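**Q** what's the 3D shape of this:
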Amino acid sequence: MTTPTRIDFFAPVEHACYEGHFPDNPVVPGALLLQWISVHASDVFRRRISGVKQLKFMIPVRPGDHFSIELSLLKANSDDEDVAIKVICSRGSNVICKGTLLSSRVLVSA
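**A** Okay, here's the model as predicted:
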């Protein structure tokens, strides 16, 4: 496993998804949180995210929340090998979600 990379993140106060999720008590949808995690994991490890092995959501993220995304590459013997990426999102000592993403082949630099 690689040394974890930590990214500090801010959930925007305004976002179109909050209108329907939920009007009087907005939360960041899990699918949007997963998108943010996947984009950062792809950028950090220069790999294409190909799937989710497991991801458990424990507490909600609300508009304006500050939280961190911690990413660790679990196995990489070569650039072409499929690997797993460990994910832990937290707000202070509270775990928001944790799990494992799947990635394949290294991205080509632009």
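**Q** show me where the protein has strands.
**A** 5-10, 47-57, 66-73, 83-91, 94-106 (DSSP state E).
**Q** most packed of those?
**A** strand 83-91 (a mean of 20; mean count of other CB atoms under 10 Å). Yep, even glycine has a C-beta here, placed from its N, CA and C like the rest.
**Q** now the residue lying farthest from the centre of the chain: phi and psi?
**A** The centre of the chain is farthest from one residue, D24, which by CA atoms, centre = their mean lies 25.7 Å away. The phi/psi pair for D24 (degrees, to the nearest 10) reads phi -100, psi 0.
**Q** find the nearest non-adjacent residue to A11, please.
**A** D65 (4.7 Å; CB to CB, 6 or more residues apart in numbering).
**Q** isn't that neighbour up against P12?
**A** No. Between D65 and P12 there is no contact under CB atoms under 8 Å: 9.9 Å.
**Q** more neighbours: the two, which one.
**A** D65 (17 against 11; other CB atoms under 10 Å).
**Q** mind putting the strands of the chain in CSV, distance to P29 included?
**A** Putting the strands of the chain into CSV (distance: least, CB to CB, whole Å) gives the following:
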stretch, distance to P29
strand 5-10, 15
strand 47-57, 10
strand 66-73, 15
strand 83-91, 14
strand 94-106, 12
